[in-house]
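Q: Sequence and predicted structure below; questions after.
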Amino acid sequence: MARTLGRFFGFIVLIWALGFVLFAVNLPQPAGEERTDGVVVLTGGAGRIERGLEAVKRGWSRRLLVSGVDRSVKPYEFAIEYRVRPARMACCVTLGYQAMDTQSNALETAEWLRRQRVESVRLVTSDWHMRRARLELDRLAPPGVTIVADAVPTRPSLSTLFREYNKYLARSLAAALRPQ
């Protein structure tokens, strides 16, 4: 019995380790010039906001939601820091102050998608964070919304990858066990 249990545990560890290697070496990539109705940026990493603004500037997306903005940031401060013209801020940029983590980013985004009647969205976050962010948004987005993953390339540390892989596994398992 103990030997069988040991083999089973060893098998689970092997599967986990192989999954981690695949997770770490096959990070999501930036999207191309595919057009979407909107773009959402999840705050928290270098280059994310710039990538979202680039999508609007180049016409890949019409509207931008920046999810997870610190409550102390005023729209005019954001506009100054990221060199966004007032007209573009007024028409096209929404600062979301509700989200504090990936799950609440997905909730804030899903509500914005409904309000804006967005049928396709470009999701911008760091490459190492994309899988879990996409998992959460897929779960909460309105039916029929197309999500285009647009990962910002980074050089994540091994510890960042380790933590993110385990969070992704935990959220995937929770989603799989959730009653439909």
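A: Received it, and whenever you're ready, just let me know what you need.

Q: Specify the beta-bridge partners of residue 95.
A: Following DSSP bridges, residue 95 is listed with bridge partners residue 66.

Q: and it, what is it in contact with?
A: 66, 69, 73, 75, 78 (C-beta atoms under 8 Å, 6 or more residues apart in numbering). Bear in mind the C-beta positions are built from the backbone N, C-alpha and C, glycine included.

Q: helices or strands up against the longest helix seen in the chain?
A: Secondary structure of the chain per DSSP state H: the longest helix is helix 2-25. Here helix 2-25 touches helix 158-177, going by 3 or more C-beta pairs under 8 Å, 6 or more residues apart in numbering; DSSP states H and E.

Q: hmm, which of the contacts of residue 95 are the buried ones?
A: Neighbour counting with 16 or more other C-beta atoms under 10 Å marks 66, 69, 78 as buried within those.

Q: can I assume residue 40 is in contact with residue 69?
A: No - with contact defined as C-beta atoms under 8 Å, residue 40 does not count as touching residue 69 (12.0 Å).

Q: quick one: low-confidence parts of this protein?
A: 180 (pLDDT under 70).

Q: Quickly note the distance from the residue nearest the centre of the chain to residue 18.
A: Nearest to the geometric centre of the chain sits residue 133, at 3.6 Å (C-alpha atoms, centre = their mean). From residue 133 across to residue 18, the span is 23 Å (C-beta to C-beta, to the nearest Å).

Q: nearest residue to residue 98 other than its sequence neighbours?
A: residue 108 (4.6 Å; C-beta to C-beta, 6 or more residues apart in numbering).

Q: Contacts made by the helix or strand containing residue 110 with the rest, please.
A: In this structure, residue 110 is located in helix 102-116 according to DSSP states H and E. Residues external to helix 102-116 that are found in contact with it (C-beta under 8 Å, 6+ apart): 37-38, 40, 42, 63, 65, 67-68, 94, 96, 98-99, 118, 121, 123, 129, 132-133, 136-137, 139-142, 145.

Q: Check those residues for burial and list the buried ones.
A: 37-38, 40, 42, 63, 65, 67-68, 94, 96, 99, 118, 121, 123, 129, 132-133, 136-137, 140-141, 145.
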